[in-house]
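Undergrad: coordinates only, no sequence provided:
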DNA sequence: TTGCATCGCTAACAGTCGTTAGTCACCGAA
DNA sequence: TTCGGTGACTAACGACTGTTAGCGATGCAA
């Protein structure tokens, strides 16, 4: 067994998923066809099935890859010894950076998860709910400690996560602001909204 | 000519568009079929074409209805005599309320505009860019006047608009928070992020 | 009552969808 | 050199897509 390797030390399956992530973001999962994807990979549509099981398997892979990455990072932050405000900043910065350099993947996990088939859909939503709940818990603790202003924790979580995911609008027109400036501006805005 | 009227003093075309907005949000524009839509309207798919010209005409109608509503409201705010901070608050509250009681329409204009055919797509994006630019101008003026903290205006616009559009996550699980509480929490968070 | 416009229906179109079957060329191991 | 496996190909499947043509029923205006 060799020749599985393509360029960049990645399997063909990984190449397919990478190309698919670009395509799914541009056209949406539903509107992107396997023949589209095949063309970008440089192969006939039927040949894709030598490497993947189905179209939705690609979506599953992308969604859960992103979900797992966020989840394990959250766990690292939870067990760290920082102030709650600092914890939130760490998480926000992480979200921004993920959005900046894994844009396609994060975007799809954010917007195309609807098209996951069951039971993956429920699974994904459970993970998501859990993630947000735990973010809310951090904020709640911050309020109890007097570090964070009295605000409904879940609302704050919503605002923060949505704000970050709005970077996609910026991604498409990178002209005016640099990535670093964007990050620091965003953190300034969001953390200030939390501070007491 | 009568009998065009269905229930609720609305033309059948309006009924179609209303049902379509629900469907497009749930499934996405691409994945929602005309036969799906027809079933919800209580009619055969072909009969829809007695009232509309095409599937994408529905999308156009929805997207530009929302865009025009936001645009005309922005103009009202621009010509009003309020502090820039108050202007921003007015706009934010308006966005939140639109999101709460015209949820389906706003969601589609937010997420499904990609599927607009040209030249409507370009037209829509121009309007959107213009809207954001003018929001940014308000913030910029606020900074110049010393009412708003020194922040990159376009970043602030991005954060605010994205945060509000994230209410869709809340819409789906209305359990914990009331609409009024959500609005005031959100305003508190976002306006505080702006204040000097 | 006649005439006309409205609007629902069935049937069908041409195309696209994801996916499978089956075949053949290649390539490393024996 | 032979063998087994890998992966690309063509062809095709059945289902589904948006949309059109055309027929028939209905109901208002004259």
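TA: Received it, and whenever you're ready, just let me know what you need. Only a predicted model underlies this, so the values are computations on that prediction, with no experimental measurement involved. Residues are numbered from 1 along each chain as shown, chains lettered A, B, ... in the order given.
Undergrad: and the closest residue to residue A:166 other than its chain neighbours, what does it touch?
TA: Nearest residue to residue A:166 in three dimensions, chain neighbours excluded: residue B:162, at 2.4 Å (Cβ to Cβ, 6 or more residues apart in numbering or on different chains). Bear in mind the C-beta positions are built from the backbone N, C-alpha and C, glycine included. Contacts for residue B:162 (Cβ atoms under 8 Å, 6 or more residues apart in numbering or on different chains) come out as A:162-167, A:169.
Undergrad: now swap in residue A:44 and tell me
TA: By Cβ under 8 Å, 6+ apart, the residues touching residue A:44 are residue A:38.
Undergrad: the nearest residue to residue A:28 once chain neighbours are set aside in helix, strand or coil?
TA: Spatial nearest neighbour of residue A:28, chain neighbours left out: residue B:30 (5.6 Å); criterion: Cβ to Cβ, 6+ apart. What DSSP: H, G, I helix; E, B strand; the rest coil gives for residue B:30 is coil.
Undergrad: and residue A:52, by the same measure?
TA: Under three-state DSSP, residue A:52 falls in the coil class.
Undergrad: secondary structure element holding the residue nearest the centre of chain A?
TA: What sits nearest the mean C-alpha location of chain A, by Cα atoms, centre = their mean, is residue A:106, with 2.9 Å. Per DSSP states H and E: residue A:106 is located in helix A:103-111.
Undergrad: right, and the helix or strand after that helix?
TA: helix A:120-144.
Undergrad: okay, buried residues for that following helix please.
TA: With burial defined by 16 or more other Cβ atoms under 10 Å in any protein chain shown, the residues of helix A:120-144 counted as buried are A:120, A:124, A:127-128, A:131-132, A:135-136, A:138-140, A:142-143.
Undergrad: show me where chain A has helices.
TA: Remark: helices assigned in chain A by DSSP state H are A:12-27, A:34-41, A:55-78, A:84-101, A:103-111, A:120-144, A:153-165, A:167-171, A:179-194.
Undergrad: contacts for the helix or strand of chain A with the lowest mean pLDDT next, please.
TA: Lowest on mean pLDDT, DSSP states H and E among the helices and strands of chain A sits helix A:167-171, with a mean of 76. For helix A:167-171, the external contacting residues (Cβ under 8 Å, 6+ apart) are A:96, A:99-100, A:103, A:107, A:177, A:182, A:186, B:154-155, B:158, B:161-162.
Undergrad: ok, which pair from the residues you listed is furthest apart?
TA: The distance between the two most remote of these (Cβ to Cβ) is 19.6 Å, for A:107 and B:154.
Undergrad: can you give me the distance of the spatially closest residue to residue A:164 that is not a sequence neighbour to chain B?
TA: Leaving aside its sequence neighbours, residue A:164 sits nearest to residue A:95 (Cβ to Cβ, 6+ apart; 4.3 Å). For residue A:95, the distance to chain B (Cβ to the nearest Cβ, to the nearest Å) stands at 12 Å.
Undergrad: ok, now residue A:84?
TA: From residue A:84 across to chain B, the span is 16 Å (Cβ to the nearest Cβ).
Undergrad: which parts of stretch A:109-117 are buried?
TA: A:109-116.
Undergrad: same question, stretch A:24-41
TA: For stretch A:24-41, the neighbour count (16+ other Cβ under 10 Å) marks A:24-25, A:28-32, A:34, A:36-38, A:41 as buried.
Undergrad: using TSV, lay out these together with pLDDT and distance to DNA strand D.
TA: Below are these laid out as TSV (pLDDT from 0 to 100; distance: Cβ to the nearest atom of the strand, whole Å):
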residue	pLDDT	distance to DNA strand D
A:24	96	18
A:25	94	21
A:28	94	13
A:29	96	14
A:30	93	10
A:31	92	11
A:32	95	14
A:34	97	10
A:36	96	14
A:37	97	12
A:38	96	7
A:41	95	8
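Undergrad: could you export those residues as JSON lines, including distance to residue A:71?
TA: Shown next, in JSON lines, are the buried residues of stretch A:24-41 (distance: Cβ to Cβ, whole Å):
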{"residue": "A:24", "distance to residue A:71": "22"}
{"residue": "A:25", "distance to residue A:71": "22"}
{"residue": "A:28", "distance to residue A:71": "25"}
{"residue": "A:29", "distance to residue A:71": "22"}
{"residue": "A:30", "distance to residue A:71": "27"}
{"residue": "A:31", "distance to residue A:71": "29"}
{"residue": "A:32", "distance to residue A:71": "27"}
{"residue": "A:34", "distance to residue A:71": "30"}
{"residue": "A:36", "distance to residue A:71": "31"}
{"residue": "A:37", "distance to residue A:71": "28"}
{"residue": "A:38", "distance to residue A:71": "32"}
{"residue": "A:41", "distance to residue A:71": "30"}
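Undergrad: dump the residue contacts of the closest residue in space to residue A:179 that isn't next to it in sequence.
TA: Distances taken as Cβ to Cβ, 6+ apart place residue A:100 nearest to residue A:179, at 5.4 Å, with adjacent residues excluded. Residue A:100 makes contact with A:167, A:171, A:179, A:182-183 under the criterion Cβ under 8 Å, 6+ apart.
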